[in-house]
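1. Structure for this input, please:
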Amino acid sequence: MDFEELSRALPAELPGLLRFARTLTTDPGQAEDLVQETLSRALERSASFRGDSSLATWLHRILHNLAVDSARRSREEPTEDIAEAVEALWREDAYTVDSATVIARAEVRSDLREALSHLPVSYRTVVVLHDAEAMTVREIAEIQQVNLAAAKQRLRRGRMMLVSQLAAGHERRESLRGVPLRCWEARRHISEYLDGELEPAVAKTVEKHLETCPTCPPLYAALVGTTHALHASSSRDPDSVVPPHLAERLTKLWSTDR
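-> The predicted structure is shown next:
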């Protein structure tokens, strides 16, 4: 497919790509960045698309690979360790969940996305593409570049993980009952709150969250302490002092430039 033809075809694929990206990250900005990078790479490689798979499959493969690379850079917990732990849990005859609670949470968009965000990317991808986007397991295997048996195993394990996360999420929400804001909604404002850049009303809500949340105050305290340590270290760090010989060289350079 040539560049112009691909450019004309891409707008129709945008809604599906954005839906997919939004299930892979809880950050709307990051989801948009993933889609933008996907389109950029697709246009750069337009000549490599020969129609062996559908355009949607090809684009989803690019986006999936970008998400996997991002997860690796952020040192996501080892995927197989999580998958095997959940499967071991499901093997226990005594393990169960409250199905009514799980289904109710699954029907709340924000709760479902939160639960999905706890699944490793490779499992999140297969569940979303199969159960939300109606792709076949064979198409997903092609996107993930694994064999059919591996894709089927990921679908099975991914569904188990999602149910367990929805059940656990209910327990988390119960422990946070009455706390204003969800934790991520508060945490995404913490940096601006620390710098005094939030609107007063938003800052007040963040403060109320910190007063009542059992998990966020230590994170905030760690941010404050780390920031102060960095500030203090800059004045005593020997690397912050420009050596005289370097200062002389730079002065000569600036003088030459003038």
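
2. Counting by contacts, list what the longest helix seen in the chain packs against.
-> Taking DSSP state H as the criterion, the chain has its longest helix at helix 148-175. If you count contacts as 3 or more CB pairs under 8 Å, 6 or more residues apart in numbering; DSSP states H and E, helix 148-175 packs onto helix 79-91, helix 99-106, helix 109-117, helix 121-127, helix 137-144. All C-beta atoms are positioned from the backbone trio N, CA, C, and that covers glycine.

3. Which of these sits closest to Ala229?
-> Proximity of those to Ala229 was assessed by CB to CB; the nearest stretch is helix 109-117, lying at 30.1 Å.

4. contact partners of that closest one?
-> Applying CB atoms under 8 Å, 6 or more residues apart in numbering, the external contacts of helix 109-117 come out as 22-23, 25-26, 105-106, 124, 127-128, 162, 165-166, 169, 173, 182.

5. In ChimeraX, select just the buried ones from these.
-> Here is the ChimeraX command that picks out the buried ones among the contacts of helix 109-117, judged by 16 or more other CB atoms under 10 Å:
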select :22,23,25,26,105,124,127,128,162,165,166,169,182
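
6. Looking at the contacts of helix 109-117, which is nearest Leu39?
-> Arg22 (15.5 Å).

7. Quick check: which element contains the closest one?
-> Per DSSP states H and E, Arg22 falls inside helix 3-24.

8. From the contact counts, what lies against that helix?
-> The contact analysis (3+ CB pairs under 8 Å, 6+ apart) places helix 3-24 against helix 28-44, helix 55-73, helix 109-117, helix 121-127.

9. Out of those helices, which is the most enclosed?
-> Burial of the helices and strands packed on helix 3-24 is given as mean neighbour count (mean count of other CB atoms under 10 Å); helix 121-127 ranks first at a mean of 24.

10. what is the rounded mean pLDDT of that one?
-> Averaged across helix 121-127, the pLDDT comes to 89.

11. contacting residues around that helix?
-> Contacts for helix 121-127 (CB under 8 Å, 6+ apart): 20, 23-24, 64, 67-68, 71, 76, 79, 83, 116-117, 119, 137, 140, 143-144, 151, 154-155, 157-159, 161-162.

12. if you skip the residues just before and after it, what's nearest to Leu18?
-> Closest residue in space to Leu18, ignoring its immediate chain neighbours: Val35 at 5.4 Å, by CB to CB, 6 or more residues apart in numbering.

13. Look up how far Thr227 lies from Tyr220.
-> Distance of Tyr220 to Thr227, computed by CB to CB, to the nearest Å: 11 Å.

14. again, but for Arg41
-> Arg41 is 36 Å from Thr227, by CB to CB.

15. okay but Glu133 is in contact with Ala21, surely?
-> No: with contact defined as CB atoms under 8 Å, Glu133 does not reach Ala21; the gap is 11.9 Å.
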